[in-house]
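[1] Provided below for reference: sequence and predicted model.
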Amino acid sequence: MLKTPICSFDAKTGILCPKCKSKLEKGQITHDDVELSVKLMALSDMIPELNKITLHRAIKLDPNYVLTVGVGESLILKNVTVLQKLQSELKTKVWIVEEQASTREFLEDLFRPIKILGVNTVFLPDGSELTKVIIVGRKTEKLIPILEQIKQVAKVVRGIDLLIEFERT
């Protein structure tokens, strides 16, 4: 059964019980968590693979959603047909990342199917840091909006500032 940040009864009915309402008021969960929990629960009959995941967090980055799921569960949702069904039903792009993934695994999830050649941390003179990602290929007009979305997701979900470079093979 699909596990969500709110109890399954609340996810099915769309009405929060006192316990879940308290979690929302304390900031332990967000309105995005509640909204997507309800939507995913409604879709779980149509997309049975959803019953195999644990949704830890949901973030709405207009117009996209970022779903943070349990370890190993991103592969279930990255199945092309499952992801297409999910995006079709939610009518938006859905990014899937794992809660406990390392920085490299997190970035590989975001960039998939683009191959990452390297990930490095660049320390700037002001004390801040950038994460430099080197990918295969060349910069094209079609790729620029996707890379901007990836930068936005990395910043919001993990607080990572990305610098993306290209290398031809």
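    That came in fine, so what should we check first? Just so we're clear, the structure is a prediction, and the values are computed from it rather than from any experiment.
[2] please make it C-alpha for all contacts and neighbour counts, starting now.
    OK.
[3] which secondary structure elements does the helix of greatest length in the chain contact?
    Determined from DSSP state H, the single longest helix within the chain is helix 143-158. Here helix 143-158 touches helix 103-111, strand 162-167, going by 3 or more CA pairs under 8 Å, 6 or more residues apart in numbering; DSSP states H and E.
[4] got these as TSV, with mean pLDDT, distance to residue 88 and mean neighbour count columns?
    Output for the helices and strands packed on helix 143-158, formatted as TSV (pLDDT from 0 to 100; distance: least, CA to CA, whole Å; neighbours: other CA atoms under 10 Å):
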stretch	mean pLDDT	distance to residue 88	mean neighbour count
helix 103-111	90	19	17
strand 162-167	92	29	16
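[5] nearest to residue 128, of these?
    Nearest to residue 128 among those is strand 162-167 (12.0 Å), distances taken as CA to CA.
[6] in its sheet, what does that closest one sit against?
    Neighbouring strands of strand 162-167 in its sheet, by DSSP bridges, are strand 129-136 (parallel).
[7] next up, the contacts around residue 41.
    By CA atoms under 8 Å, 6 or more residues apart in numbering, the residues touching residue 41 are 2, 11-12.
[8] on the three-state scheme, it is what?
    helix (DSSP: H, G, I helix; E, B strand; the rest coil).
[9] roughly how far apart are it and residue 11?
    Note on residue 41: its distance to residue 11, by CA to CA, to the nearest Å, is 6 Å.
[10] in the protein, which spans are strands?
    55-61, 64-69, 94-98, 116-123, 129-136, 162-167 (DSSP state E).
[11] residue farthest from the centroid of this protein?
    Going by CA atoms, centre = their mean, the residue of the chain most distant from its centre is residue 125, 31.0 Å out.
[12] next up, phi/psi of that one, please.
    Dihedral angles phi and psi of residue 125 (degrees, to the nearest 10) take the values phi -60, psi -30.
[13] and it, how far is that from residue 75?
    Following CA to CA, the distance that separates residue 125 from residue 75 is 39 Å.
[14] same check on residue 34?
    From residue 34 to residue 75 the distance is 23 Å (CA to CA).
[15] how about the closest residue to residue 107 other than its chain neighbours, what does it touch?
    Nearest residue to residue 107 in three dimensions, chain neighbours excluded: residue 154, at 7.7 Å (CA to CA, 6 or more residues apart in numbering). Counting by CA under 8 Å, 6+ apart, residue 154 touches 107, 160-162.
[16] among the residues you listed, which two are most distant?
    Pairwise over those, using CA to CA, the maximum falls at 107 and 161, 11.6 Å.
[17] list the buried ones in the helix or strand of the chain with the lowest mean pLDDT?
    In the chain, the helix or strand scored least confidently by mean pLDDT, DSSP states H and E is helix 74-77, which has a mean of 78. Buried residues in helix 74-77, counting neighbours by 16 or more other CA atoms under 10 Å, are found at 74, 77.
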